[in-house]
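In: coords please:
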Amino acid sequence: MTFDYLYNKVILEFSEGAVKKLIQKFSSEESEQVIRNYLEEFEKYKNGIKQKDPFQYKTFIELSEVVDAAKGKNNPQNKEAAKSELSSSEALVDDNDVTIYKGDTVQKCVKYGRGYPFCISRVAGGNMFGSFRLQKASTFYFIFFKNIPKTDDTHIMVLDRTEDGWEWTFANNDTIEVAGGWDEIVKRFPVLVKYEYLFVNNPLSQREKQFLQFIKDFRINQSLQKFNTLDYQNKATLVKSGFTLNDDIFDSLDNKLRNEYISTGTNLTPRQAEALKPNEISRYVKVRELTIPQLIENGYYKLNKHDINTQVVIQKMEEGKRIAERRVKNGNYYLGMLFLTELPKGIPQTVKGVFYCRGNQLTTLQGAPQTVEGGFYCSGNQLTTLQGAPQTVGMEFDCSGNQLTTLQGAPQTVEGDFYCYDNQLTTLRGAPQTVEGSFVCSGNQLTTLSGAPQTVEGNFVCNGNQLKTLRGAPQTVEGKFDCSGNQLTTLQGAPQTVEGSFYCSGNQLTTLQGAPQTVGGSFDCYDNPVPFTRQDKKQAMEDSKNRALKKESVRLSQRHLLNWVMDK
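Out: Okay, the predicted model is just below:
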């Protein structure tokens, strides 16, 4: 559709300047051509639109949603019109019973699913094609059944041939795994029996596999610096991958990427939920209604302030509260995965076994026991503080996967492991000073180890932060020491005795000054910026022997360190 046609035949009441102003208004959210297409359809379907002035819509998302709703809401004629715009030359099959198209690109999925609510056919924000493709190696087929009335949702089926099986989605956008496989499909739709050979799965390309691995690693160790190494298209794919971004990355998103992220209905941090604008809230809640059941089923759901009116959440909360009260009365303190927003009353101050409240929606530990002779597990909640946590723990203490920015309130002596990874810690102040097991603080936003425990009898793991210095690290570690994936340019401050292995790969080291004098296992410093010669490697290996870097080997590669410099 040319601009001349759009201007002269469709938007007659707009001047050319008005059209350009609308394009300018929404330019940060979508491309010019997409905006023009939606303006055309806005005029075409405006009889079904309540607010008929495009300038009244604050975002392009709002405008596109009312257009899509007007086109597709229980209107078979619109859906038939959308189908009629498709070219039969693109069809794999076009016979008396069915027309079948292969949607192996996002552009094709948008085209073939136009007028329907499929998440892989969304034009303006939240298109999930890339996410499904990476997660399941999805290969989509759009099947139009010519002899099924358009008023029946099954008149169109999106058949997803995943790497593990089959899923189907009909016009109501309800995706279901086909447990019976191909036999179940042809039993319900016999006209497809002769076309089994068509529905093949396209395996992930090498590039897709590499990017999938990048996303998996990024999900564990998020950083704005790493995010900014991606091009715009890959950023868009990443923000639609269905996991919660940290607040630094969320704050950096432009309007288009922000809309893409919100449109997935993913879990939001408390700060992100607070930051949503009114128009963003309405869009988020709409998609969230669809994603919550699946998140609950997979064990990934986390409550935020915009979920309180969702019936399934209210039901789960009430059910969890009743179960928790019974377990407290019975003296059983396994209170995990019950949708609790607060701990039940009646918990004694001393618990002789373990206390398990992980995977709830807790924002506070008020009411928790103060002495736990076993382990204390409060991971996977929405805690922003450890105030109220037990001060004496006989085994592990696990507060990972929360929203903690500080460890104030943590027990000061832990006889087992201490896990505080995957929070938003910017400091280790408040951490226990003696840990008889391992101390793991990876995946936070630490720039320094100030406040870290000085006695660690297990491993000390601080990888995936933003460390620029190792000052504050314990000087003796009886297990391994892992500071990989940070921003270190020097190892000054590192422990001088490590009885296990020492890992400092993936930093910005140009020297090994400050490295430990004794390492009992391997010494990994690969993937640092400066290359070195074969002679450098030989000298490094000789130095490793002299420095009592025994066992295994010193791992260096073509992109590793130029010099092995240690002060004697």
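
In: From here on, just use CA atoms for contacts and neighbour counts.
Out: OK.

In: what ranges of this structure fall below the confidence cut-off?
Out: Within the chain, the segments meeting pLDDT under 70 span 1-17, 27-34, 59, 61-62, 64-65, 68-85, 87, 124-126, 530-568.

In: How is it divided into domains?
Out: Domain ranges of the chain: 3-73, 84-198, 206-307, per automatic domain parsing.

In: would you turn these into CSV with mean neighbour count and distance to T447?
Out: Below are those laid out as CSV (neighbours: other CA atoms under 10 Å; distance: least, CA to CA, whole Å):
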stretch, mean neighbour count, distance to T447
domain 3-73, 16, 33
domain 84-198, 18, 32
domain 206-307, 17, 12
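
In: any chance of those domains in CSV, plus distance to Y356?
Out: Formatted as CSV, these follow (distance: least, CA to CA, whole Å):
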stretch, distance to Y356
domain 3-73, 42
domain 84-198, 31
domain 206-307, 16
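
In: Of the ones you listed, which is nearest T511?
Out: Relative to T511, the nearest member of the domains of the chain by CA to CA is domain 206-307, separated by 22.0 Å.

In: just to revisit the earlier point, among the domains of the chain, which is nearest E478?
Out: E478 lies closest to domain 206-307 among those, at 24.7 Å (CA to CA).

In: For E41, which residues are in contact?
Out: Residues counted as contacts of E41 (CA atoms under 8 Å, 6 or more residues apart in numbering) are V67.

In: Need phi/psi at F397.
Out: phi -130, psi 120 (degrees, to the nearest 10).

In: wait, it sits on G374?
Out: No - with contact defined as CA atoms under 8 Å, F397 and G374 do not form a contacting pair (9.2 Å).

In: out of the two, which sits in the busier spot?
Out: Between F397 and G374, counting by other CA atoms under 10 Å, F397 is the more crowded of the two (28 against 19).

In: how close does that one get to I148?
Out: 59 Å (CA to CA, to the nearest Å).

In: now D231
Out: Taking CA to CA, one finds D231 at 44 Å from I148.

In: To which secondary structure element type does K111 belong?
Out: Classification of K111 using DSSP: H, G, I helix; E, B strand; the rest coil returns helix.

In: residues contacting the closest residue to it other than its chain neighbours?
Out: Using CA to CA, 6 or more residues apart in numbering and skipping residues adjacent in sequence, the residue nearest K111 is S121, 7.2 Å away. S121 sits next to V106, C109, V110, K111, Y112, G113, R114, N127, F129 when contact means CA under 8 Å, 6+ apart.

In: Of those residues, just say which sits nearest to P54.
Out: R114 (20.9 Å).

In: wait, isn't N267 in contact with F243?
Out: Yes - counting by CA under 8 Å, N267 sits close enough to F243 to count as a contact (7.0 Å).

In: tell me, what residue is most central in the protein?
Out: Of all residues in the chain, the one closest to the mean position by CA atoms, centre = their mean is F243, 1.7 Å from it.

In: wait, is E167 part of a strand?
Out: Yes - counting by three-state DSSP, one finds E167 located in a strand.

In: nearest residue to it other than its sequence neighbours?
Out: That would be E177: by CA to CA, 6+ apart, it lies 4.3 Å from E167.

In: Residues contacting the biggest helix by length in the chain, please?
Out: Secondary structure assigned by DSSP state H gives helix 278-298 as the longest helix of the chain. Contacts to helix 278-298, defined as CA under 8 Å, 6+ apart, come from residues 58-59, 62, 259, 262-266, 301, 306-307, 310, 312.

In: Could you tell me which of those residues belong to strands?
Out: Of the contacts of helix 278-298, none are assigned to strands by DSSP state E.

In: what's the distance between Y197 and I143?
Out: 15 Å.

In: Q391 too?
Out: Counting by CA to CA, the gap from Q391 to I143 is 61 Å.

In: Brilliant, that's me finished.
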